[in-house]
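Peer 1: sequence and predicted model, in that order:
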Amino acid sequence: MDAAMSLDQDAWWAVARSEEVTSEKPLSVDIGDQPVVLWRDNQGIARAMEDRCPHRRAPLSLGCVRDNGWIQCGYHGWSFDGETGRLKEIPNMKDQQRFPPVYKANAFGVTEQAGLVRVCLNPNVAAPLVAARRYDYCGTANVSLTHREYLNALYDDPSLLFSIRGVHFTSYLMAELHEEDGKLVMERSCQWAGMHWPAHFVAEFPLTLLTKTDPVTGETELLLRDDEFRSLFHAVLAPVPSARGVTAVRWRASQGARYPGVRGALLRGINPLTVFSSVNGTKLRTTKPSVSMNGEDLREAIMEGAQPSPGQTAAA
């Protein structure tokens, strides 16, 4: 899904990490071509509105958060309530009765779970339930790929987008891309990085990378497992289409079961996950489309509510 395409108004997009949203300064983000402003009101609740003042269309993110939790436009000082978007105050016009309901900004739905702030452009859609878990690491990256290009790269070669210290992603799949509980699921064979003495190639794959991707938003759960299916590392990548063909990626990650030895130590301590802000253009160009060739058809089938046939998987 590219930024220029029509966005699903009912989707919940993870547009920020919890610590990025404060009452000190409004945060500007995008969902496709829709600018969004985020802040916390005086109760600490995350709020989201269209990042345009309805008066002169100035970005509200250039304004400030008032002590009462309202957001104030920096151009003419109009103040708005984050829950409803209603205009609450104009300088030198203190009587609230002067402001009819038509004077309001577009308020969006907001939910905050598991360290991520999600926004829905339709404020009437019920928020999803997300499993609560503790995350050790987090970050934000802005990548010069469209949302669709980002997901295609994730399917075909995840090493274009991120790395896990000590782990080599191979081109071989344990399970082809398929639908499972409304998600796009794939399992990729992995090896421990480094030379495999006495030969560089080995037939054994002691690790697998399981990915579960939301077909609409592309939010992806990553699970690195050993040959006994123990979870060694868990992460959530939340790619959101942004303006100018950029995809903004918020991520959080945590350690899993303790793997013994030096190899296991590579996954502990300092954050082992690196999410790239730039993509190797040469490697991207020479990467042959594989899983992504049929992934879009499968994604659309899930979104339309169709039940994929047993053979409808994305071939590697």
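Peer 2: Happy to help now that I have it. Numbering: from 1, shown residues only.
Peer 1: how much space between residue 189 and residue 62?
Peer 2: For residue 189, the distance to residue 62 (C-beta to C-beta, to the nearest Å) stands at 49 Å. Where you see a C-beta, it was placed from the backbone N, CA and C, and this is true even at glycine.
Peer 1: who's more crowded, those two?
Peer 2: Higher neighbour count among residue 189 and residue 62: residue 189, with 18 against 14, using other C-beta atoms under 10 Å.
Peer 1: quick one: residues contacting the closest residue to that one other than its chain neighbours.
Peer 2: The shortest distance from residue 189 to any non-neighbouring residue, by C-beta to C-beta, 6 or more residues apart in numbering, is to residue 205 (3.8 Å). Residue 205 makes contact with 170, 172, 174, 189-191, according to C-beta atoms under 8 Å, 6 or more residues apart in numbering.
Peer 1: next one: residue 243
Peer 2: Taking C-beta under 8 Å, 6+ apart as the criterion, residue 243 is in contact with 3, 30, 32-33, 35.
Peer 1: turn those residues into TSV, columns for pLDDT and distance to residue 214.
Peer 2: As requested, these are exported to TSV (pLDDT from 0 to 100; distance: C-beta to C-beta, whole Å):
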residue	pLDDT	distance to residue 214
3	40	17
30	96	18
32	94	16
33	92	21
35	96	23
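Peer 1: got the contacts of residue 205 as TSV, with distance to residue 300 and secondary structure columns?
Peer 2: Listed next are those as TSV, based on distance: C-beta to C-beta, whole Å; DSSP: H, G, I helix; E, B strand; the rest coil:
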residue	distance to residue 300	secondary structure
170	28	strand
172	26	strand
174	25	strand
189	27	strand
190	29	strand
191	33	strand
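Peer 1: report the buried members of those.
Peer 2: Buried members of the contacts of residue 205, scored by 16 or more other C-beta atoms under 10 Å, are 189-191.
Peer 1: name the nearest of these relative to residue 117.
Peer 2: Distances from residue 117 to those, taken as C-beta to C-beta, are shortest for residue 190 (31.2 Å).
Peer 1: tell me if I'm right that residue 41 and residue 22 touch.
Peer 2: No: judged on C-beta atoms under 8 Å, residue 41 makes no contact with residue 22 at a distance of 11.2 Å.
Peer 1: who's more crowded, these two?
Peer 2: Neighbour comparison, residue 41 and residue 22: the larger count goes to residue 41, with 18 against 15 (by other C-beta under 10 Å).
Peer 1: now the end-to-end length of stretch 267-277.
Peer 2: Stretch 267-277 has an end-to-end distance of 21 Å (C-alpha to C-alpha, to the nearest Å).
Peer 1: need the three-state assignment for the residue nearest to residue 189.
Peer 2: On the three-state scheme (DSSP: H, G, I helix; E, B strand; the rest coil), residue 205 is labelled coil.
Peer 1: pLDDT at it, what is it?
Peer 2: According to the prediction, residue 205 has pLDDT 86.
Peer 1: list phi and psi for it.
Peer 2: Phi and psi for residue 205, reported as degrees, to the nearest 10, are phi -130, psi 90.
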